[in-house]
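J.: okay, predicted coordinates and the sequence, questions at the end:
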Amino acid sequence: MTNSKQRYWVGIDGGGTKCRAVLFSEQGDALAEGLGGPANIARYKALALDAMLDAVKAAVAQAGLEFDEVSTSSTVCAGLAGAFLPSSRQLLSQWQHPFGNFVFTSDLQIALLGAHGGQDGAVMIAGTGSCAATLCKVNGDFRVKQVGGYGFQLGDQASGAWLGRQAVQQALLHADAIVEAPGIYTLVTGFYQCQSATDIVDRLNQGQPGEFAQLAPGLFALAKHDEQARQLLQSGAEYLNALAKSALTDASLKLVFLGGLAEKWTPLLNTDIQKRLIQPLHSAEWGAMFYARTLQASQSTVCADQDALVK
């Protein structure tokens, strides 16, 4: 049995491929973690809500606790891709969640808070999607400036999804004898088990970002000996250098590079950008927990101030 007086915090980092939930004690110690499916709230909507719930349940189970007892005594904070859109905010605000308290913000904000321990700094993310952001604290409030991150259809250059789609497009052009890209064509057809351009279209015409992103690691490997793949990576690196420069608005700011492709992209960044890279202090899930605790503390201060005025 759990202690009914015990309070918990849960930090969720929700992206385009998966979401991860970490269960924290009342004192802020990490107890367990759990995984769920894709949680880009703008793209997956109700499915993203289910993914978050699955991740929290998995974390609670890993901790050896009962979900029904823990959920009502938990404050859950989710940092989600796509949360900045009005439609996403409306959906999240109306969610009939089972938690004691639920707050949300963008995945960028929790990544920033975690990476720099709540202090000023910048992050750049290259995973299924891509974006960058700067965090500055002004009069006690966190101010986030986002650059990029407009999604698979309109942006996310240099992301895994973008790389995969670019490679598929090159493969189709090669199949039509418009460009010479035999290495990329072989990579695409082999990875997706296709025999022709028609097979590729049939396989990926309705493909989700995560399906394209799975091809990205193979493209980095191919680029070691294939000029077309190398050119594609160079195009992505140019974008990331510009993205980082836009985020590093102050000479004192440091940059944390996050995401599944960060390690592969780092050697391709300009030297001046690489010199400003540091390792993250904490995880994005910690950043979500920190955000919720800071928000709760500020609300408590406001209530205390109001009580003082009444008295």
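T.: Nice, thanks for sending it over. What you are looking at is a predicted structure, and each value in this text was computed from that prediction instead of being measured.

J.: who's in contact with the host helix or strand of Asp272?
T.: Following DSSP states H and E, one finds Asp272 within helix 271-274. Applying Cβ atoms under 8 Å, 6 or more residues apart in numbering, the external contacts of helix 271-274 come out as Asn241, Ala244, Lys245, Leu248, Leu255, Thr266. To be clear about C-beta, it is placed using only N, CA and C from the backbone, and glycine gets the same treatment.

J.: who are the contact partners of the fifth one?
T.: By Cβ under 8 Å, 6+ apart, Leu255 lies in contact with Gly121, Ala122, Val123, Met124, Ala244, Ala247, Leu248, Ile273, Arg276, Leu277, Ile278.

J.: the second one contacts Ala132, doesn't it?
T.: Yes: Ala122 sits in contact with Ala132 when judged by Cβ atoms under 8 Å, with a separation of 6.7 Å.

J.: anything in contact with each of those two?
T.: Going by Cβ under 8 Å, 6+ apart, residues that sit against Ala122 and also against Ala132 are Ala244, Ala247.

J.: picking that back up, only the buried subset of the contacts of helix 271-274, as a PyMOL command please.
T.: With 16 or more other Cβ atoms under 10 Å as the burial test, the buried ones among these are selected in PyMOL as follows:
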select buried, resi 241+244+248+255
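
J.: want to try JSON lines for the contacts of helix 271-274, with secondary structure as columns?
T.: JSON lines is the format used below for those (DSSP: H, G, I helix; E, B strand; the rest coil):
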{"residue": "Asn241", "secondary structure": "helix"}
{"residue": "Ala244", "secondary structure": "helix"}
{"residue": "Lys245", "secondary structure": "helix"}
{"residue": "Leu248", "secondary structure": "coil"}
{"residue": "Leu255", "secondary structure": "strand"}
{"residue": "Thr266", "secondary structure": "helix"}
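
J.: in CSV, list the contacts of helix 271-274 along with pLDDT and distance to Ala288.
T.: Below are these laid out as CSV (pLDDT from 0 to 100; distance: Cβ to Cβ, whole Å):
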residue, pLDDT, distance to Ala288
Asn241, 96, 29
Ala244, 94, 24
Lys245, 92, 28
Leu248, 89, 24
Leu255, 94, 21
Thr266, 96, 25
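
J.: now, which of the contacts of helix 271-274 sits nearest Glu211?
T.: For these, the closest approach to Glu211 (Cβ to Cβ) belongs to Thr266, at 25.0 Å.

J.: pull the contacting residues for the residue lying closest to the closest one once chain neighbours are set aside.
T.: Nearest residue to Thr266, sequence neighbours excluded (Cβ to Cβ, 6 or more residues apart in numbering): Phe257, at 6.2 Å. If you count contacts by Cβ under 8 Å, 6+ apart, Phe257 has them with Val123, Met124, Ile125, Ala126, Trp265, Thr266, Leu269, Leu277.

J.: filter those residues to the buried ones?
T.: Val123, Met124, Ile125, Ala126, Trp265, Leu269.

J.: dump those to JSON lines, plus distance to Ile41.
T.: Below are the buried ones among the contacts of Phe257 laid out as JSON lines (distance: Cβ to Cβ, whole Å):
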{"residue": "Val123", "distance to Ile41": "19"}
{"residue": "Met124", "distance to Ile41": "21"}
{"residue": "Ile125", "distance to Ile41": "16"}
{"residue": "Ala126", "distance to Ile41": "20"}
{"residue": "Trp265", "distance to Ile41": "26"}
{"residue": "Leu269", "distance to Ile41": "30"}
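
J.: so which of these sit within strands?
T.: Among the buried ones among the contacts of Phe257, the members falling in strands (DSSP state E) are Val123, Met124, Ile125, Ala126.

J.: for those, give me a markdown table that also has pLDDT and distance to Thr75.
T.: Shown next, in a markdown table, are these (pLDDT from 0 to 100; distance: Cβ to Cβ, whole Å):
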| residue | pLDDT | distance to Thr75 |
| --- | --- | --- |
| Val123 | 93 | 24 |
| Met124 | 93 | 29 |
| Ile125 | 90 | 25 |
| Ala126 | 92 | 30 |
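
J.: closest to Ala171 out of those?
T.: Nearest member of those to Ala171, counting by Cβ to Cβ, is Ala126, at 22.0 Å.
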